[in-house]
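Student: Got a predicted structure here, sequence first:
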Amino acid sequence: MKAAHPQLALTVLLLIFTRVSYCDAQDESTPRNVLFIAVDDLGNVLDEDRPAIIKTPHLDELKQRGTFFQRAYCQIPLCNPSRASVMTGKRPDATTVWDLDRHFRDQIPEAVTLSQMFRQHEYQVARVGKIYHYNVPKGIGTNGLDDEPSWDHVINPSGRDVTEEKLITNPTPWKPVSAAMSWLAAEGADEEQTDGMIATEAVGLLNQYQEAPFFLAVGFFRPHTPYVAPKKYFEMYPLQDIKLTTVPEGDRDDIPAAAIPHNIPKPDYDLDETTLKKSLQAYYASVSFVDVQVGRVIQELDRLKLTDKTVIVFWSDHGYHLGEHHLWQKRTLYDESARAPVIIASPHGASQGVTCKRVVEFIDIYPTVTDLVFGDVPQTLDGRSLVPLLNKPDAKWNHPAFTQILRPGDGKPVMGSAVTTGRYRYIEWNGGKEGRELFDHRTDPEEHHNLVDSPEHQDVVNRLKKQLHKHVSTEVPQTPFNPKRL
């Protein structure tokens, strides 16, 4: 028999070695699957200092399974750009997504998204509901601003919350229900609502994929406005038990005008106390409704005995104001808007039931997941793996977080950029020309006292300014954006 060509023999050996290495990486000690759960506009209602009235038993239980990152900061507190950064692992400066219309592939067509990475590893990769941006409620039931290369299979449920839009109470009728603090205590069962249908579809896919490695993304629409949930969730929060946030007198006196979002022209939208309480009741009801839907999906994962093979990632696209500084919803660089819950539960080698108080970023989610499953982090990403903190939540970690927001301004756009460290947050508006802010989270966690002009803090200001300018832009970008969709 003729001897094999040396180069061919080497190639065969390399292929065999690669296949063995991949199989070794997928042995019983390595999680194979990813359950990737996103919710929309969930504020910091899982912290120890959350309102005592909030009821989230299923998310509380998920926290006990893994690590709750209490200080996780989004790259931009607006749905579309935040989700683009999470899925690409890139900052807004790289994606150039600043508004609600632009797609990240307009700037980086070659990007390999997190779920696309799993497709390349021959996983079953599916999406149910909202992962990339949707107009809510108009886009529900469509693909929204989806990314086709990211998925093998997509499901877009649409429930009675869409068809019953005319029943929604909107106390600010000059604003669409998607942007207003509007609500509906709905008739019918959970499964008739879009998010209930999403949970049902996710349960079905878990059963379909239980024999194969999968990446299943489950995106819930609530508690995004309009706050719609079945009546029973509203009944969990009697109006007389709802308490509004206390805001100190003169709270806004020392902050720049640019810090106030354009969509909130008057404090508290100039709404009366009763209306604000009704809106807050509806938000809490929507949170509890989503909590139950998340629980349904995870309970099915348990029933199928897939828990020990699955990494669970839970995140919200950004935080949410509930009256702090007389602000509501998002689009600010304050802690309530820039910070949002992230929970990561890995079945092997990670801490369980712990809270990590290190400052982390949403762009860290992508490299963390690939590190947990494949033992590798793509070098093209802007974030870093959180595996060291999963293994030891109080490990040394000296990495600040950077958050940006672009505003239409009064005919002249304004860029806000912030750096958050373990102790401080420093903010610039248009590179400082439209104002600056400095808050000491150790002494002022609610950010009521702007210290940027304090003489004893100038060394801190100068140090953080250098960090900020080194990592992100502080001026209005030159790439296209729609000022009406910021």
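Tutor: Happy to help now that I have it.

Student: I'd like the distance between Tyr237 and Ile343.
Tutor: 23 Å (C-beta to C-beta, to the nearest Å). Quick note: C-beta positions are derived from backbone N, CA and C, even for glycine.

Student: Counting residues, what is the longest helix that this protein contains?
Tutor: Among the segments of the chain that qualify as a helix by DSSP state H, the longest is helix 273-303.

Student: So which bits of that one are buried?
Tutor: Within helix 273-303, the residues scored as buried using 16 or more other C-beta atoms under 10 Å are 275-298, 300-301.

Student: Please apply the same query to stretch 120-134.
Tutor: For stretch 120-134, by 16+ other C-beta under 10 Å, it's 123-134.

Student: what's the answer for stretch 387-399, then?
Tutor: Buried-residue list, stretch 387-399, by 16+ other C-beta under 10 Å: 387, 389-390, 393, 397.

Student: again, but for stretch 310-319
Tutor: 310-319.

Student: If we only consider those, which is nearest to Lys90?
Tutor: Closest approach between the buried residues of stretch 310-319 and Lys90, by C-beta to C-beta: Asp317, at 15.3 Å.

Student: what about that closest one, distance to Arg50?
Tutor: 19 Å.

Student: Could you do Gly432 as well?
Tutor: 34 Å.

Student: Tell me which of these two has more neighbours.
Tutor: Gly432 (15 against 12; other C-beta atoms under 10 Å).

Student: just the strands in the stretch 351-486 of the chain please.
Tutor: 354-356, 360-361, 401-407, 414-420, 424-429, 436-440 (DSSP state E, counting those that start in this stretch).

Student: Now that we have those, can you turn them into JSON lines and tack on mean pLDDT and mean neighbour count?
Tutor: Shown next, in JSON lines, are those (pLDDT from 0 to 100; neighbours: other C-beta atoms under 10 Å):
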{"stretch": "strand 354-356", "mean pLDDT": "95", "mean neighbour count": "19"}
{"stretch": "strand 360-361", "mean pLDDT": "98", "mean neighbour count": "24"}
{"stretch": "strand 401-407", "mean pLDDT": "97", "mean neighbour count": "26"}
{"stretch": "strand 414-420", "mean pLDDT": "98", "mean neighbour count": "25"}
{"stretch": "strand 424-429", "mean pLDDT": "98", "mean neighbour count": "25"}
{"stretch": "strand 436-440", "mean pLDDT": "98", "mean neighbour count": "21"}
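
Student: Switch those over to a markdown table; also include distance to Glu110.
Tutor: Listed next are the strands of the stretch 351-486 of the chain as a markdown table, based on distance: least, C-beta to C-beta, whole Å:
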| stretch | distance to Glu110 |
| --- | --- |
| strand 354-356 | 33 |
| strand 360-361 | 23 |
| strand 401-407 | 23 |
| strand 414-420 | 26 |
| strand 424-429 | 31 |
| strand 436-440 | 37 |
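
Student: Out of those, which is closest to Asp41?
Tutor: strand 401-407 (15.2 Å).

Student: Can you list the strands that that closest one pairs with?
Tutor: Neighbouring strands of strand 401-407 in its sheet, by DSSP bridges, are strand 414-420 (antiparallel).

Student: If you compare the directions of the strand it pairs with and strand 436-440, what angle comes out?
Tutor: On the basis of axes from the mean of the first three to the mean of the last three C-alpha atoms, to 10 degrees, strand 414-420 is oriented at 20 degrees to strand 436-440.

Student: Just grab the bridge partners of Glu437 for me.
Tutor: Legend: beta-bridge partners of Glu437 under DSSP bridges are Ile427.

Student: quick one: it from Trp429, how far?
Tutor: Separation of Glu437 from Trp429 (C-beta to C-beta) stands at 8 Å.

Student: again with Val162
Tutor: For Val162, the distance to Trp429 (C-beta to C-beta) stands at 38 Å.

Student: pLDDT of stretch 191-210, averaged?
Tutor: For stretch 191-210, mean pLDDT rounds to 98.

Student: residues contacting the closest residue to Leu389 other than its chain neighbours?
Tutor: Counting by C-beta to C-beta, 6 or more residues apart in numbering, Leu389 lies nearest to Cys356, which is 5.2 Å off, once chain neighbours are set aside. Cys356 sits next to 67-71, 389, 393-394 when contact means C-beta atoms under 8 Å, 6 or more residues apart in numbering.

Student: in the stretch 351-486 of the chain, which segments are predicted with low confidence?
Tutor: For the stretch 351-486 of the chain, no stretch is flagged by pLDDT under 70.

Student: where do the helices sit along the stretch 301-450 of the chain?
Tutor: For the stretch 301-450 of the chain, the helices defined by DSSP state H, counting those that start in this stretch occupy 335-338, 365-374, 387-391.

Student: So which elements touch the first one?
Tutor: The reference is to helix 335-338. Under the contact criterion of 3 or more C-beta pairs under 8 Å, 6 or more residues apart in numbering; DSSP states H and E, helix 335-338 touches strand 321-322.

Student: partners of the strand it packs on in the sheet?
Tutor: Here, using DSSP bridges, strand 321-322 pairs with strand 328-329 (antiparallel).
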